[in-house]
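Chemist: Here's a sequence, model it:
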Amino acid sequence: MAAAVAGFSPKSTHLHNPISFNGPHSSFPGESLKSLCLQSKPRNRNSDFISLVVASASSRSSTNSSDGGRFYINFTGFPFPLGPFLNRRTFRTEAVKDCIWLFEQEQALGFSSVSTNNRMTVIKLKSGGLWVHAPIAPTKECIQLVKELGAPVEYIILPTFAYEHKIFVGPFSRKFPRAQIWVAPRQWSWPLNLPLEFFGIFRAKTLKDEDMMTPWVDEIEQKVLSSPEVGIGPYVEVAFYHKHSRTLLVTDAVIFVPRQPPDCISKESLLASAKNGLAVKLLSKGKEVPEEPVVDNKMSRQKGWERMVLQILFLGPSNLLEPNATFAQMSQKLIVSPIVKTLVFSKVPEKVKDWIDRITRDWRFKRIIPAHFSAPINASRSDFLAAFAFLDDLLGERYVTRPSLSLLFTSLMGKAASYFPPDDMRTLSSLDEFLVSVGVVKKTVSGRKR
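Modeler: Sure, this is the predicted structure:
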């Protein structure tokens with residue numbers, strides 16, 4: 001998917017080319033530290049799992065015109081802080097004409113060469129106001145691009161508990177103080193279970209499952225996945241359905257990896273990933289790793305993107321030296337990320353199944369917009385069900401809500417969508433077994449044990 005480069009002063013270019021299954025397609029410096037937080041534990045619980053997140057965010061956008069309004073200080077996470085730490089470029093595309101816009105920034109994993117895109121979706125309501133899903137860093141450039149839409153921000157939505165999305169809600173809301181803030185239920189952080197106010201989120205309202213009292217209910221419906229605790233805390237994600245455009249919005253439930261890197265991923269990040277560094281030497285299937293300089297060309301950037309994707313999906317893929325074969329298997333299809341599938345959804349299959357059933361039963365969507373990788377994705381309910389076909393094996397039963405004529409087709413698609421190369425899954429599976437053995441995550445919370 002091509003994206004429009006959005007500068008600070010000029011209007012951004014708008015594109016209308018969603019990903020399709022039927023074709024190849026494809027701030028603020030200046031103030032003191034605001035957040036020092038440790039991620040992930042629900043209230044009044046104890047845990048042995050250790051994860052430290054240090055977040056630093058000040059509350060004013062840069063006034064230095066030479067950076068294009070992209071300067072933003074944000075240090076989050078230990079041992080994996082989320083970058084870029086000082087500069088975030090924003091890209092805006094128009095997904096549905098005069099109705100839905102996508103805003104993307106690069107999100108880097110600490111000081112590594114691994115990056116992906118982080119997406120904010122903005123919907124224009126019939127009232128003329130804007131409904132903002134999963135805010136990104138409110139750089140001067142980003143806020144200017146929102147204001148160019150010529151409508152006030154009425155609602156700001158945090159659809160998940162995940163820190164990578166939560167950290168920007170407070171700073172973003174301060175740019176639009178009249179907007180209402182709505183957050184997914186059961187917010188948590190660990191090892192200190194800090195209130196939302198600590199993140200700069202004030203007077204927030206809670207999103208409820210199939211709530212008929214939300215001010216946008218005539219245009220946007222919602223369904224909450226709120227699982228039992230899978231370890232140190234519950235997995236919570238709210239899916240939304242925009243009726244007029246027949247668009248499903250999710251956060252991390254599904255992804256569609258594009259062949260080409262998103263435009264927001266910097267050239268420097270791609271070339272750094274293309275270098276034969278320590279990670280490549282460790283994950284090369286025993287082959288000799290040549291010491292050779294990286295030339296800035298299309299082939300090098302593509303190799304860098306493929307290596308990034310495999311590390312994001314598998315943590316420790318089998319062969320980073322030659323990533324193209326596994327990348328080809330994992331790209332260009334709607335899937336559940338191997339990490340989310342292994343460490344979360346496989347633990348609570350009944351809860352996930354119920355959520356997916358309700359989504360496909362009640363919402364006749366024709367496109368999906370996740371918070372990462374490609375969007376919009378031209379996908380039907382059958383495509384969505386196929387991505388979750390692994391639930392059938394975990395529960396030992398078939399979805400009774402599926403139309404009988406599409407059962408075979410969905411099953412065949414599901415086999416393809418749920419297949420992950422065993423060699424690449426080895427590290428992730430070993431991590432899962434270790435976390436289960438030490439009690440950090442559970443084997444299953446509902447349904448049959450594997």
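Chemist: shaky segments in this structure?
Modeler: Residue ranges of the chain with pLDDT under 70: 1-67, 76-80, 191, 397-418, 445-450.
Chemist: To which secondary structure element is the residue of it most remote from its centre assigned?
Modeler: Residue farthest from the centre of the chain, counting by Cα atoms, centre = their mean, is residue 288 at 34.7 Å. For residue 288, there is no host helix or strand (DSSP states H and E).
Chemist: ok, now residue 178?
Modeler: Assigned by DSSP H and E, residue 178 falls within no helix or strand.
Chemist: is it true that it touches residue 152?
Modeler: Yes. With contact defined as Cβ atoms under 8 Å, residue 178 reaches residue 152; the gap is 7.1 Å. (C-beta placed from N, C-alpha, C; glycine too.)
Chemist: These two: which has the busier surroundings?
Modeler: Higher neighbour count among residue 178 and residue 152: residue 152, with 13 against 9, using other Cβ atoms under 10 Å.
Chemist: how far away is that one from residue 101?
Modeler: As for residue 152, its distance to residue 101 is 15 Å (criterion: Cβ to Cβ, to the nearest Å).
Chemist: ok, now residue 279?
Modeler: Applying Cβ to Cβ, the value for residue 279 to residue 101 is 36 Å.
Chemist: In terms of neighbours, single out the busier of these two.
Modeler: Relative neighbour count places residue 101 above the other of residue 279 and residue 101, with 24 against 18, counting by other Cβ under 10 Å.
Chemist: Secondary structure class of that one, three-state.
Modeler: Following DSSP: H, G, I helix; E, B strand; the rest coil, the label given to residue 101 is strand.
Chemist: Please name the bridge partners of it.
Modeler: Beta-bridge pairing of residue 101 under DSSP bridges involves residue 94, residue 122.
Chemist: Next up, the contacts around it.
Modeler: 92-95, 121-122, 149 (Cβ atoms under 8 Å, 6 or more residues apart in numbering).
Chemist: go again using 10 Å as the cut-off
Modeler: Residue 101 sits next to 4, 12, 14, 92-95, 120-124, 130, 132, 145-146, 148-149 when contact means Cβ atoms under 10 Å, 6 or more residues apart in numbering.
Chemist: In PyMOL, how would I select just the buried ones from those?
Modeler: This is the PyMOL syntax for the buried subset of the contacts of residue 101, where burial follows 16 or more other Cβ atoms under 10 Å:
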select buried, resi 4+12+92+93+94+95+120+121+122+123+124+130+132+145+146
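Chemist: need the strands for the stretch 201-350 of the chain, in chain order.
Modeler: Secondary structure of the stretch 201-350 of the chain (DSSP state E, counting those that start in this stretch): strands at 205-206, 220-229, 234-242, 247-249, 255-256, 334-335.
Chemist: Can you give the distance of the first one from its chain's centre?
Modeler: What that stands for is strand 205-206. Averaging C-alpha positions (Cα atoms, centre = their mean, to the nearest Å) puts strand 205-206 21 Å from its chain's average.
Chemist: what comes into contact with that strand?
Modeler: Residues outside strand 205-206 that contact it (Cβ under 10 Å, 6+ apart): 155, 180-187, 211, 214-215, 224.
Chemist: try 8 Å
Modeler: Contact with strand 205-206 is made by 180-185, as judged by Cβ under 8 Å, 6+ apart.
Chemist: quick one: which of those residues is nearest residue 433?
Modeler: Ranked by distance to residue 433 (Cβ to Cβ), these are led by residue 184 at 29.4 Å.
Chemist: from memory that closest one sits against residue 235, does it?
Modeler: No. When contacts are counted by Cβ under 8 Å, residue 184 is not listed as touching residue 235 (10.4 Å).
Chemist: Between these two, which contacts overlap?
Modeler: Joint contacts of residue 184 and residue 235 (Cβ under 8 Å, 6+ apart) are residue 161.
Chemist: tell me the SS of the nearest residue to residue 199 once chain neighbours are set aside?
Modeler: Spatial nearest neighbour of residue 199, excluding adjacent residues (Cβ to Cβ, 6 or more residues apart in numbering): residue 170 at 5.1 Å. Look at residue 170: counting by three-state DSSP, its state is helix.
Chemist: I'd say residue 170 and residue 200 touch.
Modeler: Yes. Assessed by Cβ under 8 Å, residue 170 is found in contact with residue 200 at 2.4 Å.
Chemist: Looking at those two, which has the bigger crowd around it?
Modeler: A direct count of neighbours by other Cβ under 10 Å for residue 170 and residue 200 places residue 170 higher, at 25 against 20.
Chemist: Distance of the more buried one relative to residue 240?
Modeler: Residue 170 is 21 Å from residue 240, where distance means Cβ to Cβ.
Chemist: which parts of stretch 266-280 are buried?
Modeler: Applying a neighbour-count criterion of 16+ other Cβ under 10 Å, one finds 266, 269-276, 279-280 buried in stretch 266-280.
Chemist: For residue 352, which three-state class applies?
Modeler: Under three-state DSSP, residue 352 falls in the helix class.
Chemist: okay, now the spatially closest residue to it that is not a sequence neighbour: neighbour count?
Modeler: Nearest residue to residue 352, sequence neighbours excluded (Cβ to Cβ, 6+ apart): residue 345, at 4.9 Å. Residue 345 has 25 neighbouring residues, counting by other Cβ under 10 Å.
Chemist: Who are the contact partners of residue 345?
Modeler: Residue 345 makes contact with 235, 336, 352, 388, 390-391, according to Cβ under 8 Å, 6+ apart.
Chemist: Try it again at 10 Å.
Modeler: Residues in contact with residue 345 (Cβ under 10 Å, 6+ apart) are 225, 227, 230, 235, 253, 336-337, 351-353, 355-356, 388, 390-391, 394.
Chemist: Check residue 88 too.
Modeler: So, once contact is read as Cβ under 10 Å, 6+ apart, residue 88 ends up touching 27, 70-72, 74, 105-108, 118, 136-139, 141-142, 264.
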